[in-house]
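**Student:** show me how the following folds:
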Amino acid sequence: MANDTQQIVNKAWGFAHVLRDDGLSYMAYTEQITFLLFLKMAHEQTQAPWNRDPIVPEGLDWPSLLKLDGEELETHYRHILAELPKETGMLGEIFKKARQEIQNPATLKRLIVDLIEPESWMSMQADVKGDIYEGLLAKSAQESPKGAGQYFTPRELIKAIVDVMQPGPDETVADPAVGTGGFLLTALDYVIREHGSELDPDQKKHLKEDFVHGWELVPATARLCIMNLYLHGIDADPCPVQSGVDSLASDPGDRFSMILTNPPFGRKSSVQIVNEEGDLESEAHSYERQDFWTSTKNKQLNFLQHVKTLLKMHGKCAIVVPDNVLFEGGSGETVRKNLLQQFDVHTLLRLPTGLFYAQGVKANVLFFDAKPAQEKAWTDKLWIYDLRTNKHFTLKQSPLRRSDLDDFVECFKPGARHDRQETWSEENEEGRWRAFDYEELTKRDKLNLDIFWLRDESLEDTENLPEPEVLAAEIVADLQAALDAFEAIQAELETT
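**Tutor:** Just a heads-up that it's a prediction; the model follows:
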């Protein structure tokens, strides 16, 4: 992150601590910054050199805030937040179910005058504005792991996934659990970096209006995502992110050439309803959908079935899944059997622990392509890269870097998968990259894809034990995996 960008992030974060003293959470602060930043940028667009027609109605715009103080300012700001959700497009979605959280009018005035007003946000490059906002989101996730952490996928992991997926300028990229938009924005950045100089006017229009699509259940999270997209130059009507929508509830009908997603962890599905206040309410439920192979309460299995529906023919998917998706019997076996049969499930990346703010997560990235119907199974070989065994990461002391995934990206051979070579062999038992034939997989009990072959050094050499906090996180992960397994057994017993 450039120094000037970092300075603005630090400045913005300084205000967060002031608001923290007023009882405002970090995520709520980022949300309030979202509202004010949007109003300022919308106003800048009406000035030279842009001279665009205003999208925010007069009297609800940025200048209307600048001239007020005290209780009058606080009352007017509340009025703006009540009126703008009635607007259409990204404007209405950003302010959907907005709430005024800054109780002190003097603090609100300082935010407006000292933080937002001095900067010319529209004249910054899109990636700079995006960096500033991403910086706030990352800090929110670190400071509030049970808030942002549940939907904050490590950006270095996202970069590696996008690097092997290689989205092109004509793609339609979707994320049915979009969170703050990390996958969509990284895909957009990849296209601009790799193809920017050769884009024709139609492709530029497509990138701005139809390249990204997302669904997000929690309105507060969706607004952060929509603002993130807006700051990166996306400007579409209707809004490309559907807010307050349970994407599992039905087939949207649209199909996409690429799906990049990290669905929420947690085993049981429920119908999620957003109440009038914008908060979630749940009703235990399994989804009855004609396009699903099986009915289950396992949320991740349902997301896996959902994304296979969303893919266009020959479309490509990368989805983060917890271990239970790989080994669970019953519905899990049904989903894996159909997926291997009807899709080309070609790659599995086994992720280390310590990557997510939700502690104790053992996860993987599953890569597969949509294919036309045929009798023979489409999956020929499943290539597995083990980045978990003897790898130890933590969020702060030893975070995952993009360079930690260089070997995986090299082994993946994006664009030339037919040239793949195993690094594992009987002569090199420490190789992390290994292929398993479809026939081998089908002979495994319950078609279990939870496959590992490397020696765990910590089991053999107590001198090489990881740091205590890493060890604790791994113990939590093992206990969580055991609990998932028992819950799977319980669910099967309940349905028999």
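
**Student:** show the end-to-end separation of stretch 106-117, please.
**Tutor:** 15 Å (C-alpha to C-alpha, to the nearest Å).

**Student:** show me how far it is from its chain's centre.
**Tutor:** 31 Å (C-alpha atoms, centre = their mean, to the nearest Å).

**Student:** buried residues in it?
**Tutor:** Buried positions in stretch 106-117, judged by neighbour count with 16 or more other C-beta atoms under 10 Å: 107-109, 111-112, 115-116. Just so you know, the C-beta spots here come from the backbone N, C-alpha and C atoms, and that holds for glycine as well.

**Student:** using TSV, please lay out those together with pLDDT.
**Tutor:** Output for the buried residues of stretch 106-117, formatted as TSV (pLDDT from 0 to 100):
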residue	pLDDT
Thr107	89
Leu108	93
Lys109	94
Leu111	90
Ile112	94
Leu115	86
Ile116	89
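
**Student:** tell me which entries of the residues you listed lie within helices.
**Tutor:** When the buried residues of stretch 106-117 are checked against helices (DSSP state H), the matches are 107-109.

**Student:** now, which of these sits nearest Asp386?
**Tutor:** Nearest to Asp386 out of these is Thr107 (C-beta to C-beta; 49.9 Å).

**Student:** other SSEs contacting the longest strand belonging to the chain?
**Tutor:** Using DSSP state E, we find that the single longest strand of the chain is strand 311-322. Using 3 or more C-beta pairs under 8 Å, 6 or more residues apart in numbering; DSSP states H and E, the elements in contact with strand 311-322 are helix 155-165, strand 256-261, helix 299-310, strand 363-370.

**Student:** can you redo the ones you listed as a markdown table with mean pLDDT?
**Tutor:** Converted to a markdown table, these look like this (pLDDT from 0 to 100):
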| stretch | mean pLDDT |
| --- | --- |
| helix 155-165 | 95 |
| strand 256-261 | 98 |
| helix 299-310 | 96 |
| strand 363-370 | 97 |
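
**Student:** domain map for the chain?
**Tutor:** 3-134, 145-495 (automatic domain parsing).

**Student:** so where is the stretch 251-400 of the chain shaky, pLDDT-wise?
**Tutor:** Along the stretch 251-400 of the chain, the model assigns pLDDT under 70 to residues 266-285, 357-360.

**Student:** how close does Gly70 get to Arg155?
**Tutor:** 40 Å (C-beta to C-beta, to the nearest Å).

**Student:** of those two, who's got more company?
**Tutor:** Arg155 (16 against 11; other C-beta atoms under 10 Å).

**Student:** ok, that one touching Thr186?
**Tutor:** Yes. Using C-beta atoms under 8 Å, Arg155 is in contact with Thr186, at 7.4 Å.

**Student:** which stretches of the stretch 201-350 of the chain form strands?
**Tutor:** For the stretch 201-350 of the chain, the strands defined by DSSP state E, counting those that start in this stretch cover 212-216, 241-243, 256-261, 270-274, 280-284, 311-322, 343-350.

**Student:** in a markdown table, list those strands along with distance to Ser331.
**Tutor:** Below are the strands of the stretch 201-350 of the chain laid out as a markdown table (distance: least, C-beta to C-beta, whole Å):
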| stretch | distance to Ser331 |
| --- | --- |
| strand 212-216 | 23 |
| strand 241-243 | 27 |
| strand 256-261 | 20 |
| strand 270-274 | 16 |
| strand 280-284 | 16 |
| strand 311-322 | 14 |
| strand 343-350 | 17 |
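
**Student:** just put these in a markdown table and tack on mean neighbour count and distance to Lys11.
**Tutor:** Output for these, formatted as a markdown table (neighbours: other C-beta atoms under 10 Å; distance: least, C-beta to C-beta, whole Å):
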| stretch | mean neighbour count | distance to Lys11 |
| --- | --- | --- |
| strand 212-216 | 25 | 28 |
| strand 241-243 | 23 | 28 |
| strand 256-261 | 24 | 32 |
| strand 270-274 | 17 | 33 |
| strand 280-284 | 11 | 33 |
| strand 311-322 | 20 | 33 |
| strand 343-350 | 22 | 38 |
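
**Student:** so which of those strands gets nearest Thr46?
**Tutor:** strand 241-243 (24.6 Å).

**Student:** mind giving me the packing neighbours of the closest one?
**Tutor:** Right, strand 241-243 is packed against strand 212-216, helix 219-231 by 3+ C-beta pairs under 8 Å, 6+ apart.

**Student:** ok now that strand, how far from the chain's centre?
**Tutor:** 14 Å.

**Student:** ok, residues contacting it?
**Tutor:** Counting contacts by C-beta atoms under 8 Å, 6 or more residues apart in numbering, the residues outside strand 241-243 that touch it are 93, 96, 178, 181, 213-216, 219, 222-223, 225-226, 229.

**Student:** among the strands of the stretch 201-350 of the chain, which comes closest to His195?
**Tutor:** strand 256-261 (14.6 Å).

**Student:** helices or strands up against that closest one?
**Tutor:** helix 155-165, strand 173-175, helix 182-195, helix 299-310, strand 311-322.

**Student:** measure the closest residue to Ala363 other than its chain neighbours to Ala28 for me?
**Tutor:** Once flanking residues are discounted, Ala363 sits nearest to Leu351: 4.8 Å by C-beta to C-beta, 6 or more residues apart in numbering. In this view, Leu351 and Ala28 are 30 Å apart by C-beta to C-beta.

**Student:** look at those two and report which has more neighbours.
**Tutor:** For Leu351 versus Ala28, neighbours defined as other C-beta under 10 Å are more numerous around Leu351 (26 against 20).

**Student:** ok, now which ones touch the residue lying closest to Leu108 once chain neighbours are set aside?
**Tutor:** Closest residue to Leu108 apart from its sequence neighbours, by C-beta to C-beta, 6+ apart: Ile102 at 4.6 Å. The neighbours of Ile102, taking C-beta under 8 Å, 6+ apart as the test, are 19, 22, 24, 32, 74, 77, 108, 111.

**Student:** one more time with 7 Å
**Tutor:** Neighbour list for Ile102: 19, 24, 32, 108 [criterion: C-beta atoms under 7 Å, 6 or more residues apart in numbering].

**Student:** could you do Ile161 as well?
**Tutor:** Contacts of Ile161 (C-beta under 7 Å, 6+ apart): 260, 318, 365.

**Student:** the first one contacts Leu185, doesn't it?
**Tutor:** No. Taking contact to mean C-beta atoms under 7 Å, the distance of 10.5 Å between Leu260 and Leu185 leaves them out of contact.

**Student:** helices along the stretch 351-496 of the chain, start to end?
**Tutor:** 406-412, 438-442, 457-460, 468-495 (DSSP state H, counting those that start in this stretch).

**Student:** cool, thanks, talk later.
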